[in-house]
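*Asks:* I'd like to go over a predicted model; first the sequence, then the structure.
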Amino acid sequence: MAIGLPGTLWRGAEGGRQTAPSGRKAVDKMVRLNIPLDPGKTGREAMSLESNLRKLIVGQDEAIQQIVNIYQMHLTGMTAPGRPIGNFLFLGPTGSGKTRIVEATAETLLKNPRAVIKIDCAEFQHSHEIAKLIGSPPGYLGHRETHPLLSQEVLNQYHTETIKLSFVLFDEIEKASDALWNLLLGILDKATLTLGDNRKVDFSRAMIFMTSNLGASEMSALMSPRLGFAAPEARRRQSAGTVDEQLTGKISRSGVEAARKKFTPEFMNRLDKIVTFQPLGTDQLKKILDIELNLVQQRIFNTSTDRAFVFTLSDSSKGFLLEEGTDLKYGARHLKRAIERLLVQPMSNLIATEQVRGGDWIRVDYDDSARSLRFAKEAEGLPVADMARLVDTSVTIPSMAMASGAAIEPARIQTAKSSKRS
Ligand SMILES: Nc1ncnc2c1ncn2[C@@H]1O[C@H](COP(=O)(O)OP(=O)(O)OP(=O)(O)O)[C@@H](O)[C@H]1O
Ligand SMILES: [Mg+2]
């Protein structure tokens with residue numbers, strides 16, 4: 001094996017940098033270690049990003065893995081110079097987590113899920129709308145008043161002391177006009193954008209995410225064919241809410257094929273990763289239900305500390321929400337709507353009519369005969385510490401509430417059966 005070209009720098013057995021003696025002699029002098037290395041292992045920071053994303057995003061392993069890989073390359077300085085940190089194209093059905101995963105990455109790394117600069121490509125179809133993104137050239141009417149949406153300040157606005165990263169999301173790129181498309185190509189290739197007044201914006205510390213529903217109709221036809229041999233099987237699968245591996249592969253391929261047909265090779269070649277998000281099955285929606293319920297509980301704690309109360313759901317009530325919220329075509333969006341309609345809206349009526357007050361513990365059950373959720377007060381006057389014990393560990397109790405010990409009077413538990421959300 002050839003080790004070190006004559007005259008190149010190499011690290012000797014003692015570790016010092018020296019000029020390699022040429023030929024056979026160098027090989028003889030070198031201590032050969034042959035220690036196997038494991039390139040599959042990631043560093044601590046990338047690992048922590050991965051484990052956080054796995055808590056927030058259900059399924060979509062490939063997308064998580066690709067984001068973690070690109071982040072790892074950025075951390076070690078291995079990103080190609082003069083390019084964005086990563087250029088991702090996310091395809092796949094609606095409500096499968098394409099936007100959520102970008103927010104979850106920002107939430108994990110910048111502690112702010114809103115730290116994402118979102119450009120909805122459908123809104124920038126005409127040239128005067130492009131001016132909203134890059135500003136108009138000097139001399140144009142209103143030049144000084146326009147603040148480009150993609151200036152360096154906007155791009156850097158969420159940087160923290162330690163993390164100087166930007167997340168830029170171009171939604172529905174298939175709807176981008178030619179002018180926007182040209183801007184995008186420049187950003188993806190050279191990590192630069194030229195504003196109307198010729199200032200340059202540097203995107204080399206940005207992760208660029210593009211989403212498209214391209215191929216979604218082919219994907220939904222694969223999921224629920226109305227005709228042909230596959231139809232009965234698809235109906236069974238849809239009612240069971242499962243998506244098998246073979247179907248997963250077909251869906252991935254149909255996404256990438258649709259993208260190749262629609263987009264030019266010069267665009268496709270600028271992408272680092274193309275990921276097709278998979279439709280979510282019942283098992284995955286079940287996990288998302290728990291995440292979403294915890295988010296509703298979090299909302300209750302965040303609105304007002306004296307009005308904070310806790311709620312727990314029985315298995316049957318969760319089953320009902322899942323049944324009402326499962327639709328393979330609309331993914332988690334349908335589930336979120338079911339939660340809002342069947343749980344959040346009735347709860348807000350209970351709050352408005354003061355049937356529910358701060359410190360209450362509300363139990364939610366399923367009423368089989370009425371096919372609806374039933375709400376009952378399990379306890380009242382609970383101190384915050386007791387409420388904290390009833391909720392999932394992912395819910396953060398505002399420290400103010402903990403310190404003031406809101407509603408300190410002793411709890412009057414009426415019919416406590418379980419102390420955990422079942
Ligand atoms: N895989 C997932 N894991 C956790 N939550 C999810 C997942 N997919 C969707 N959700 C939930 O559903 C909501 C809608 O999903 P999201 O906005 O990511 O859809 P999308 O794939 O971007 O769809 P669209 O193509 O319509 O923009 C999210 O805010 C999140 O609450
Ligand atoms: Mg989206």
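*Replies:* Nice, I can see it. Numbers count the residues shown, from 1 in each chain. Ligands and ions are numbered 1, 2, ... in the order given.
*Asks:* which residues does stretch 165-175 contact?
*Replies:* Contacts to stretch 165-175, defined as Cβ atoms under 8 Å, 6 or more residues apart in numbering, come from residues 74, 85, 89, 99, 102, 105-106, 109-110, 115-122, 125, 155-156, 158-159, 176, 184, 203, 205-214, 262. (C-beta placed from N, C-alpha, C; glycine too.)
*Asks:* hmm, try it at 6 Å
*Replies:* In this structure, residues lying in contact with stretch 165-175 by Cβ atoms under 6 Å, 6 or more residues apart in numbering are 102, 106, 116-122, 155, 205-212, 214.
*Asks:* whichever of those residues end up buried, select them in PyMOL.
*Replies:* Selection of buried members from the contacts of stretch 165-175 for PyMOL, criterion 16 or more other Cβ atoms under 10 Å:
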select buried, resi 102+106+116+117+119+121+155+205+206+207+208+209+210+211+212+214
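*Asks:* filter the contacts of stretch 165-175 down to the ones near ligand 1?
*Replies:* Thr211 (Cβ under 6 Å from any ligand atom).
*Asks:* helix or strand: which one has the spatially closest residue to Ile67 that is not a sequence neighbour?
*Replies:* Nearest residue to Ile67, sequence neighbours excluded (Cβ to Cβ, 6 or more residues apart in numbering): Thr105, at 5.8 Å. If you go by DSSP states H and E, Thr105 is part of helix 98-110.
*Asks:* please apply the same query to Lys329.
*Replies:* Using DSSP H and E, no helix or strand contains Lys329.
*Asks:* hmm, it is touching Leu222, no?
*Replies:* No: using Cβ atoms under 6 Å as the test, Lys329 is too far from Leu222 to be in contact (11.4 Å).
*Asks:* what helices and strands are in contact with whatever helix or strand Thr211 lives in?
*Replies:* Secondary structure assigned from DSSP H and E places Thr211 in strand 206-212. Strand 206-212 is packed against strand 86-91, strand 166-171, with contacts defined by 3 or more Cβ pairs under 6 Å, 6 or more residues apart in numbering; DSSP states H and E.
*Asks:* within its sheet, name the partner strands of the first one and how each one runs.
*Replies:* Spelled out, that is strand 86-91. Strand 86-91 has the following sheet partners, assigned by DSSP bridges: strand 206-212 (parallel), strand 273-276 (parallel).
*Asks:* can you check the last one too?
*Replies:* Take DSSP bridges as the rule and strand 166-171 pairs in its sheet with strand 117-120 (parallel), strand 206-212 (parallel).
*Asks:* possible to save those as a markdown table with mean pLDDT?
*Replies:* Shown next, in a markdown table, are the strands paired with strand 166-171 (pLDDT from 0 to 100):
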| stretch | mean pLDDT |
| --- | --- |
| strand 117-120 | 95 |
| strand 206-212 | 96 |
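*Asks:* dump these to TSV, plus distance to Glu50.
*Replies:* Shown next, in TSV, are these (distance: least, Cβ to Cβ, whole Å):
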stretch	distance to Glu50
strand 117-120	24
strand 206-212	15
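*Asks:* for ligand 2, find the nearest of those.
*Replies:* strand 206-212 (5.4 Å; Cβ to the ion).
*Asks:* quick one: buried residues of the helix or strand following that closest one?
*Replies:* Later in the chain than strand 206-212, the nearest helix or strand by DSSP H and E is helix 216-223. Buried residues in helix 216-223, counted by 16+ other Cβ under 10 Å: 216, 218-220, 222-223.
*Asks:* picking up where we left off before, give me the contacts around the strand holding Thr211.
*Replies:* Here strand 206-212 has contacts from 84-91, 98, 102, 166-171, 173-174, using Cβ under 6 Å, 6+ apart.
*Asks:* secondary structure element for the residue of the stretch 151-300 of the chain with the smallest separation from ligand 1?
*Replies:* Ligand 1 sits closest to Ile288 of the stretch 151-300 of the chain, with a gap of 4.7 Å, by Cβ to the nearest ligand atom. Counting by DSSP H and E, the element that carries Ile288 is helix 282-303.
*Asks:* which residues in the stretch 1-150 of the chain form helices?
*Replies:* Counting by DSSP state H, counting those that start in this stretch, the stretch 1-150 of the chain has these helices, from start to end: 24-29, 44-56, 61-75, 98-110, 127-134.
*Asks:* center of this protein - which residue?
*Replies:* Central residue of the chain (Cα atoms, centre = their mean): Ile101, 1.0 Å from the mean position.
*Asks:* report the contact partners of that one.
*Replies:* Under the criterion of Cβ under 6 Å, 6+ apart, the neighbours of Ile101 are 57, 63.
*Asks:* would you mind finding the most buried of the helices of the stretch 1-150 of the chain?
*Replies:* The highest mean neighbour count among the helices of the stretch 1-150 of the chain, using mean count of other Cβ atoms under 10 Å, belongs to helix 98-110: a mean of 21.
*Asks:* report the angle between the axes of that helix and helix 44-56?
*Replies:* 140 degrees (axes from the mean of the first three to the mean of the last three Cα atoms, to 10 degrees).
*Asks:* hey, C-alpha coordinates of helix 98-110 in PDB?
*Replies:* What follows is helix 98-110, C-alpha atoms only, in PDB (Å, rounded to 0.1, in the frame of the first residue of the first chain):
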ATOM      1  CA  LYS A  98     -41.700  18.100   6.500                       C
ATOM      2  CA  THR A  99     -42.100  21.500   8.100                       C
ATOM      3  CA  ARG A 100     -42.200  20.200  11.700                       C
ATOM      4  CA  ILE A 101     -38.800  18.600  11.400                       C
ATOM      5  CA  VAL A 102     -37.200  21.900  10.400                       C
ATOM      6  CA  GLU A 103     -38.900  23.600  13.300                       C
ATOM      7  CA  ALA A 104     -37.800  20.800  15.600                       C
ATOM      8  CA  THR A 105     -34.100  21.200  14.400                       C
ATOM      9  CA  ALA A 106     -34.300  24.900  15.200                       C
ATOM     10  CA  GLU A 107     -36.000  24.200  18.500                       C
ATOM     11  CA  THR A 108     -33.200  21.800  19.500                       C
ATOM     12  CA  LEU A 109     -30.200  23.800  18.300                       C
ATOM     13  CA  LEU A 110     -31.400  27.400  18.800                       C
END
